[in-house]
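# Pasted the sequence and its predicted model underneath.
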Amino acid sequence: MFGIARWDQLILTYFLISAVLVSQPITVLAKSPDIDFNLLYRAAQLSNQAYDGKSKIIADLKGKSASVATPGTADVQYFIGYNDKQKLQGISVRGTANDKNWSLNKDTEIVRDKKAGILMHRGFRTAARTIYQDVKSRLKPGYRTYITGHSLGGAIAAILGIYLRKDGVKIAGIYTFGQPKFTDAAGAKTYENLPLLRAVYQNDAVALLPENDGQGNKSFAHIGAAVNLLKGPYYAYAPAAQTLQFSQGSFGKFISQVSLPDHKMKWYLQNLRDKLKGVKRVSFKDREQYIVRHKYGSGVDTAPVKRQYNFNHHN
């Protein structure tokens, strides 16, 4: 999760240095799977919950078994909830909430990850490895495992999914919201079958970033299928191969449409609540007909400590 003012500066820089011809959205005609929007909404609730303090997280889980931790120096909080009856466990990773987290976002150098065997965004990898080392001892063997997160937390959640799956953990699903890119095209192809579904609300700017390693040497790309959340019951869907195709250089392609307010958990939650009443799929070619324009700053948490960074909390 990224800071409003700082993302403004970054996006302005892209506008100034990118002499880009705006391309039209790619039409997606591939068959979409049956998306469980009830499960996706629950994952969004858990992603939002990760921004709360430890005591509130425990209280809100209403007595269910849970573990909350903020390991290492990255200062990224996560929690695990357990359902022993159904042998399920869910990991939720918080997005950006402080300067240390923002430093991770800015560390866009691409480095090779030996465990995954692919190149990764160094900042996201650093945080993911820290949580991975901590979470291993907290997982219950044999349980089906869900992982979720918003923004920075989404990138970490996806990397955790790769690590844990390689360890033999039963990954039932990875659901991310406004997740930035963390690998290149080769990495995306390697893990195209990762059980990852990225939810992107309308024209969420953060989901299109980062473009490259800051030196222009390596371009980032997205792993996994994506569901584009549009107004009311409408959504668009792209399978992993298609998202890989248009995620490279995506900020430049959609530069006239990007929106910072669309990154807020407020809108993700509200939109998914609407979809519990019923859904209708549309093509990417027609998606702009189903966009709601939000005013800048609407829905942001007004608490002084949180105002600079947080897009969370829908209250």
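That came through, no problem.
# For the stretch 201-315 of the chain, which segments count as helices?
For the stretch 201-315 of the chain, the helices defined by DSSP state H, counting those that start in this stretch occupy 240-247, 250-253, 265-275.
# Run through the helices of the stretch 1-150 of the chain in chain order.
Per DSSP H, counting those that start in this stretch, the stretch 1-150 of the chain carries helices over the ranges 4-17, 37-49, 54-60, 99-106, 122-135.
# Centre-most residue in the chain?
When Cα atoms, centre = their mean is applied to the chain, the residue found nearest the centroid is residue 179 (2.5 Å).
# quick one on the thing from earlier: will you turn the helices of the stretch 201-315 of the chain into TSV that also has distance to residue 91, mean neighbour count and mean pLDDT?
From N, CA and C alone the C-beta is placed, and that goes for glycine too. TSV is the format used below for the helices of the stretch 201-315 of the chain (distance: least, Cβ to Cβ, whole Å; neighbours: other Cβ atoms under 10 Å; pLDDT from 0 to 100):
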stretch	distance to residue 91	mean neighbour count	mean pLDDT
helix 240-247	22	19	82
helix 250-253	27	20	59
helix 265-275	17	21	96
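# how about a markdown table for those, with distance to residue 216 added?
Below are these laid out as a markdown table (distance: least, Cβ to Cβ, whole Å):
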| stretch | distance to residue 216 |
| --- | --- |
| helix 240-247 | 17 |
| helix 250-253 | 12 |
| helix 265-275 | 32 |
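# Those: which one's closest to residue 259?
Closest to residue 259 of the helices of the stretch 201-315 of the chain, according to Cβ to Cβ: helix 265-275, at 9.6 Å.
# Can you name the residues that contact the residue lying closest to residue 148 once chain neighbours are set aside?
The shortest distance from residue 148 to any non-neighbouring residue, by Cβ to Cβ, 6 or more residues apart in numbering, is to residue 43 (4.2 Å). Residue 43 makes contact with 146, 148, 173, 175, 177, according to Cβ atoms under 8 Å, 6 or more residues apart in numbering.
# Out of these, name the ones that lie in strands.
Counted as lying in strands by DSSP state E, out of these, are 146, 148, 173, 175, 177.
# pull the helix or strand with minimum mean pLDDT from this structure.
helix 4-17 (a mean of 40; mean pLDDT, DSSP states H and E).
# on that earlier part again, so the residue nearest to the centre of the chain touches residue 156, yeah?
No - if you go by Cβ atoms under 8 Å, residue 179 and residue 156 don't touch, sitting 9.3 Å apart.
# any shared contact partners between those two?
Common neighbours of residue 179 and residue 156 (Cβ under 8 Å, 6+ apart) are residue 149.
# Residue 56 - how many residues pack around it?
12 (other Cβ atoms under 10 Å).
# Could you double-check that residue 277 lies in contact with residue 233?
Yes - counting by Cβ under 8 Å, residue 277 does reach residue 233; the two are 6.9 Å apart.
# Comparing these two, which residue is more hemmed in?
Shown here are residue 277 and residue 233; by other Cβ under 10 Å, residue 233 has more neighbours (16 against 9).
# how about the strands of the protein, start to end?
So, for the chain - with DSSP E - the strands run 66-69, 78-83, 88-93, 110-113, 118-121, 144-150, 170-177, 196-201, 225-229, 234-238, 280-281.
# where does the stretch 1-150 of the chain have low pLDDT?
Counting by pLDDT under 70, the stretch 1-150 of the chain shows low-confidence ranges at 1-32, 63.
# how about a cut-off of 90?
Along the stretch 1-150 of the chain, the parts satisfying pLDDT under 90 run over 1-34, 59-66.
# ok, now the stretch 201-315 of the chain?
In the stretch 201-315 of the chain, residues with pLDDT under 90: 208-209, 211-218, 240-260, 284-285, 287-288, 292-315.
# residue contacts, the nearest residue to residue 153 once chain neighbours are set aside?
Spatially, and ignoring its direct neighbours in sequence, residue 153 is nearest to residue 93 (3.8 Å; Cβ to Cβ, 6+ apart). Each residue near residue 93 by Cβ under 8 Å, 6+ apart is listed here: 47, 50, 76-78, 131, 147-149, 153-154, 156-157, 160.
# 7 Å - rerun?
For residue 93, the contact set (Cβ atoms under 7 Å, 6 or more residues apart in numbering) comprises 50, 76, 78, 131, 149, 153, 156, 157.
# I'd say residue 218 and residue 111 touch.
No - at 10.3 Å, residue 218 does not count as touching residue 111 under the criterion of Cβ atoms under 7 Å.
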